[in-house]
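Trainee: Fold the following for me, if possible:
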Amino acid sequence: MKRSHSFAAFEFTLIALFIGGCASGPAPQSSLPGTTMATPQLERDTVALVLGIDRIDDCTCNQRKIINREIGSRSVEYWTVDRCGTLLRYTITYSPSPRGGTLILLDPSPEVVRQGAVPLPPWPKMFEDVWYRAGDRGLSLRAYSASGKIVISEQSIAFGENGDAFEISTSDIKSVCWGKMEWDTVNEWVIIRYGSPEKMAGFKDGSRLGWGTRTPEIMSALSYVLKKRPVKSKH
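Mentor: Here you go, the predicted structure:
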C-alpha cells in the first residue's frame, strides 16, 4: 500500500504526522535506547519528526540525538533528545488515523530536563530559497510566483525583498495546513489562510530546484508561532 505523509497543526498545540505504519507493542530490534510501542517503520518516522522539530528550535546545534524513550499511559511515549548538552523531553502520542495507518502527535514544546551550556537561540526563524505561490495564481509553467527569503517570527511572516516583498501579521492568520494548491499537481505546499476577505499563500523549500527537504520545518515553524502569536484585540 502506498504511504502518504502530511503535516497539520491541531489547536496550535500539536504537530501531527500521518503514516501508514501501526503501533503494536514494543519494537523488538531497535538500535535506540529505551522502549517504544512503534514498529520499525513507525519508529523511523517518529525519529525524523522529533529531530526535525528539535532542529527548528535550534538550527545552530549539529549534535543532537535521542538518548532515552519511555512508554507512558495508553499510547503516550516520552522521547528525550540531547541537543548539544541540553536535554529535552518530548511527549508523543500514537493513535489510529481516520485515513488508515497511524497518527503521530507531537507536542512541539518539550520539557527542559537539563539546560546545557549552549543557550536556545531566539526567534525569528529564517529560511532561504523559499518558493511562494499566491492563492489566486492561475495555470503557469513555473510552479511559484516568487522565490526568496522568509522570516517567521511570533508577530509576522515576512517574505522576499524589494518588489516581491510582503508581510503578514500572525494575528491575521486563520489556519495552516499542508497540501496541494490549484493548478499544481506536483508540489506539496505549506498553505496559510489569512486576512479578511480571506487570502491564501503557499510556501515550500525551493532549493535544489524544488527538491529541498526543509518544507516540513517551515510548516513546523508556522504552527509553532501560531501558538505563541499575540492575541488580536476585538475592540
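Trainee: Which parts of the protein are strands?
Mentor: Ranges of strands within the chain are 7-10, 14-19, 64-71, 76-83, 86-96, 102-106, 111-114, 125-134, 146-152, 156-159, 166-169, 173-179, 189-194, 199-205, based on DSSP state E.
Trainee: Just want the most central residue of this structure.
Mentor: residue 220 (2.4 Å; Cα atoms, centre = their mean).
Trainee: Hmm, residue 55 and that one touching each other?
Mentor: No: Residue 220 lies out of contact with residue 55 (Cβ atoms under 8 Å); the separation is 9.0 Å. For every residue, glycine as well, the C-beta is placed using N, CA and C.
Trainee: follow-up on the earlier one: against residue 182, how distant is the residue nearest to the centre of the chain?
Mentor: In this view, residue 220 and residue 182 are 24 Å apart by Cβ to Cβ, to the nearest Å.
Trainee: Does residue 36 touch residue 77 like I think?
Mentor: Yes: taking Cβ under 8 Å as the definition, residue 36 is a contact partner of residue 77 at 6.0 Å.
Trainee: what would the strands of the chain look like in a markdown table with mean pLDDT and mean neighbour count?
Mentor: Shown next, in a markdown table, are these (pLDDT from 0 to 100; neighbours: other Cβ atoms under 10 Å):
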| stretch | mean pLDDT | mean neighbour count |
| --- | --- | --- |
| strand 7-10 | 33 | 18 |
| strand 14-19 | 50 | 21 |
| strand 64-71 | 92 | 16 |
| strand 76-83 | 93 | 20 |
| strand 86-96 | 90 | 19 |
| strand 102-106 | 86 | 22 |
| strand 111-114 | 86 | 13 |
| strand 125-134 | 92 | 19 |
| strand 146-152 | 93 | 18 |
| strand 156-159 | 94 | 20 |
| strand 166-169 | 93 | 13 |
| strand 173-179 | 86 | 17 |
| strand 189-194 | 91 | 21 |
| strand 199-205 | 93 | 22 |
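Trainee: now those in JSON lines, with distance to residue 140?
Mentor: JSON lines is the format used below for the strands of the chain (distance: least, Cβ to Cβ, whole Å):
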{"stretch": "strand 7-10", "distance to residue 140": "25"}
{"stretch": "strand 14-19", "distance to residue 140": "29"}
{"stretch": "strand 64-71", "distance to residue 140": "39"}
{"stretch": "strand 76-83", "distance to residue 140": "41"}
{"stretch": "strand 86-96", "distance to residue 140": "39"}
{"stretch": "strand 102-106", "distance to residue 140": "35"}
{"stretch": "strand 111-114", "distance to residue 140": "46"}
{"stretch": "strand 125-134", "distance to residue 140": "9"}
{"stretch": "strand 146-152", "distance to residue 140": "12"}
{"stretch": "strand 156-159", "distance to residue 140": "18"}
{"stretch": "strand 166-169", "distance to residue 140": "19"}
{"stretch": "strand 173-179", "distance to residue 140": "19"}
{"stretch": "strand 189-194", "distance to residue 140": "14"}
{"stretch": "strand 199-205", "distance to residue 140": "13"}
